[in-house]
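In: sharing a model that was predicted from the sequence below.
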Amino acid sequence: MFPFIFEWVWDIGHMLFFGGFWYAIGILGAGMTYCIVKSAIDTMNDTGDNHH
Amino acid sequence: MDAALIPEGAKRCSFPKFMLGIAIVGAVLLWGVYAMLLCWFKGLNQTNMNDYYGFALWIWADLAVIAVGGGAFFTGLLKYIFKIDELKNIINFAVIIGFICYSSALLILAIDIGQPLRGWFIFWHANVHSMLTEVAFCLSCYFAVLTIEFIPNILENRQLNKVPFFHHLAHNMHGVMAIFAATGAFLSFFHQGSLGGVAGVMYGRPFAFREGLLIWPWSFFLFTWSAAAFGPCFTLLVTRITETVTGKKLVKDNVVHLLAKISGWMIFTYMIAKIIDTWYWAYYTAPGLGFELSHFYTSNGFYGYWILVAEVIVCGVIPGLLLINKSTRENPTFRLIAIVLAVIGVCINRWVMVLQIMAVPVMPFDTWALYIPSWQEVATTILPVAYGIILIAVAYRYLPVFPQELELNRLPEARES
């Protein structure tokens, strides 16, 4: 799962599999982080935006 | 009692009546939980799996719920990427159904692995040569996507939405939902495909083996295609059931017709590909491996040609034709027949690709190996159905799932004014 795990090998299989996996996790994490931080800022500024 | 939690203006049954319904379904759920605990504490000897059936009823259920749950990713793709705006009126429900299907799939896998405490091994000690590893990765990530897609709907609950942070969070999550939907479509393409790929690469099983493109057998593409084609039918079916149970119209006809039309064309084109695949396999692939078509459908008490006809013609071509034809698509009875047949069809396909594969004799000394699941397997397979009913009931009662509900169910005098 991580390069520091003893089974890790720097081959195409590991790079593709885990590259895709961490890419997806990264997008989800970054997206949620953005939403949470922006919501916290909006709440502090109390923009009162009610559109959905 | 819980009136403050119910969406404003929406009519719901009384709380005691609601709880009675939950209690009845909850009893079925508890039966499943009991069977699940038996499997966990006593082991997989509680099942009728054996050396022939390493994959059994659970894996069929797993593949079936993942296929019918495909309505979530495909509807999300159409709504957020292809900008088909009418689908905003059914996307919440599609996401909830997808959430139920994928959480059920993960639950079933947690029972099936026998040692759930070691479930994380598939990530930590990943076998990067296995399509099932890819399935595990994509399935887990896509469940996270569905959870993220479900959260804004939960935060729109009447009371939660009064909390400013939750209100803003729901709004901001809607704003970037296209990114999550695109990620979900990417993940779904690969895990739906790899579930088919697992069968297609088994060169020791001539019933399943398929040629393909590069490392992907044709079954990889057929599985993704079928999930996108038949998944929306399941969304429409559950919507129809919910409308019948609640006695209300929840989604406008134009939205239902649109999704049914898209699903119909997807099913029709999928069936053309499926028929070509089956024909090529029957006349070239299987004979090339030393087997005639009749070998797979005769000399046993269950798997006859009927299952091929049922999957391809009755529950494939016919619903496809019914849904692409405007007059039958817009007729509620024909549409219902089509979506029921379609859902049965994709479940038969997954059954064939999991269980018939195991049953067919491969070696000269083999005989057909038929299998009947134990009650524990049946109970744990029914468990997700009970869980799904409860989650839909709770979501429908407390969340604004259907944006058109109030408009469609306004009292006549209010409508006139």
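Out: Perfect, thanks for sending it.

In: in chain A, which residue is most central in space?
Out: With distances taken as CA atoms, centre = their mean, the residue of chain A nearest its centroid is residue A:29 (2.2 Å).

In: for it, phi and psi?
Out: Taking degrees, to the nearest 10, you get phi -60, psi -50 for the backbone angles of residue A:29.

In: per-residue pLDDT, it?
Out: Among the per-residue scores, residue A:29 holds a pLDDT of 96.

In: residue B:293 is in contact with residue B:286, correct?
Out: Yes: with contacts defined as CB atoms under 8 Å, residue B:286 counts as touching residue B:293 at a distance of 6.5 Å. For the C-beta atoms, the positions are set from N, CA and C on the backbone; glycine is no exception.

In: the two: who's more crowded?
Out: Shown here are residue B:286 and residue B:293; by other CB atoms under 10 Å in any protein chain shown, residue B:286 has more neighbours (18 against 15).

In: my read is that one is in a strand, agree?
Out: No: using DSSP: H, G, I helix; E, B strand; the rest coil, the assignment for residue B:286 is helix, not a strand.

In: could you see whether chain B lies near the helix or strand containing residue A:44?
Out: Counting by DSSP states H and E, the element that carries residue A:44 is helix A:12-45. Yes: using CB under 8 Å from any CB of the partner chain, helix A:12-45 reaches chain B at A:13-14, A:16-18, A:20-21, A:24-25, A:27-28, A:31-32, A:34-36, A:38-40, A:42-43.

In: got the contact list for residue 36?
Out: Went with chain A since none was named. residue B:169 (CB atoms under 8 Å, 6 or more residues apart in numbering or on different chains).

In: correction: the question concerned chain B.
Out: By CB under 8 Å, 6+ apart, the residues touching residue B:36 are B:111, B:379, B:380, B:383.

In: go again using 6 Å as the cut-off
Out: Applying CB atoms under 6 Å, 6 or more residues apart in numbering or on different chains, we find residue B:36 in contact with B:111, B:380.

In: A helix includes it, no?
Out: Yes: counting by three-state DSSP, residue B:36 is part of a helix.

In: need the pLDDT of it.
Out: In this prediction, residue B:36 has a pLDDT value of 96.

In: try the one 4 residues further on
Out: We have a pLDDT of 92 for residue B:40.

In: quick check: closest non-adjacent residue to it.
Out: Nearest residue to residue B:40, sequence neighbours excluded (CB to CB, 6 or more residues apart in numbering or on different chains): residue B:116, at 6.6 Å.

In: what is the neighbour count of the one you found?
Out: 15.

In: that one and residue B:355, how far apart?
Out: Taking CB to CB, to the nearest Å as the criterion, residue B:116 is separated from residue B:355 by 24 Å.

In: now residue B:401
Out: Taken as CB to CB, the span from residue B:401 to residue B:355 is 35 Å.

In: just to revisit the earlier point, chain center to the helix holding residue A:44: distance?
Out: 2 Å (CA atoms, centre = their mean, to the nearest Å).

In: can you check stretch B:235-242 too?
Out: 13 Å.

In: report the backbone C-alpha coordinates of it in PDB.
Out: Output of stretch B:235-242 as PDB, limited to C-alpha atoms (Å, rounded to 0.1, in the frame of the first residue of the first chain):
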ATOM      1  CA  THR B 235     -33.800   3.200 -10.000                       C
ATOM      2  CA  LEU B 236     -37.100   3.500 -11.900                       C
ATOM      3  CA  LEU B 237     -38.400   0.200 -10.300                       C
ATOM      4  CA  VAL B 238     -37.700   1.300  -6.700                       C
ATOM      5  CA  THR B 239     -39.200   4.700  -7.500                       C
ATOM      6  CA  ARG B 240     -42.300   3.000  -8.700                       C
ATOM      7  CA  ILE B 241     -42.500   0.800  -5.600                       C
ATOM      8  CA  THR B 242     -42.000   3.900  -3.300                       C
END
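
In: mean confidence for that stretch?
Out: According to the model, stretch B:235-242 has a mean pLDDT of 97.

In: go ahead and name everything in contact with it.
Out: Under CB under 6 Å, 6+ apart, the answer for stretch B:235-242 is B:71, B:94, B:97, B:251, B:339, B:343.

In: for it, which positions count as buried?
Out: Counting neighbours by 16 or more other CB atoms under 10 Å in any protein chain shown, one finds that the buried residues in stretch B:235-242 are B:235, B:236, B:237, B:238, B:239, B:240, B:242.

In: can you check stretch B:357-374 too?
Out: Quick answer for stretch B:357-374 (16+ other CB under 10 Å): B:357, B:358, B:359, B:360, B:361, B:371, B:373, B:374.

In: mind putting those into a markdown table with distance to residue B:180 and pLDDT?
Out: What follows is those, written out as a markdown table (distance: CB to CB, whole Å; pLDDT from 0 to 100):
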| residue | distance to residue B:180 | pLDDT |
| --- | --- | --- |
| B:357 | 35 | 93 |
| B:358 | 37 | 91 |
| B:359 | 40 | 93 |
| B:360 | 41 | 94 |
| B:361 | 46 | 92 |
| B:371 | 39 | 89 |
| B:373 | 36 | 95 |
| B:374 | 39 | 96 |
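
In: can you name the residue of the stretch 201-350 of chain B nearest chain A?
Out: Residue of the stretch 201-350 of chain B nearest chain A, by CB to the nearest CB: residue B:215 (10.9 Å).

In: got the residues of the stretch 251-400 of chain B near chain A?
Out: For the stretch 251-400 of chain B, no residue is in contact with chain A (CB under 6 Å from any CB of the partner chain).

In: for chain A, give me its nearest residue in the stretch 251-400 of chain B.
Out: Closest point on the stretch 251-400 of chain B to chain A, by CB to the nearest CB, is residue B:400, at 9.9 Å.

In: is that residue in contact with residue B:7, as I believe?
Out: Yes: counting by CB atoms under 6 Å, residue B:7 is a contact partner of residue B:400 at 4.6 Å.

In: any low-confidence regions in the chain?
Out: Looking at chain A here, since you left the chain open. A:47-52 (pLDDT under 70).

In: nope, chain B
Out: Scanning chain B for pLDDT under 70 picks out B:411-417.
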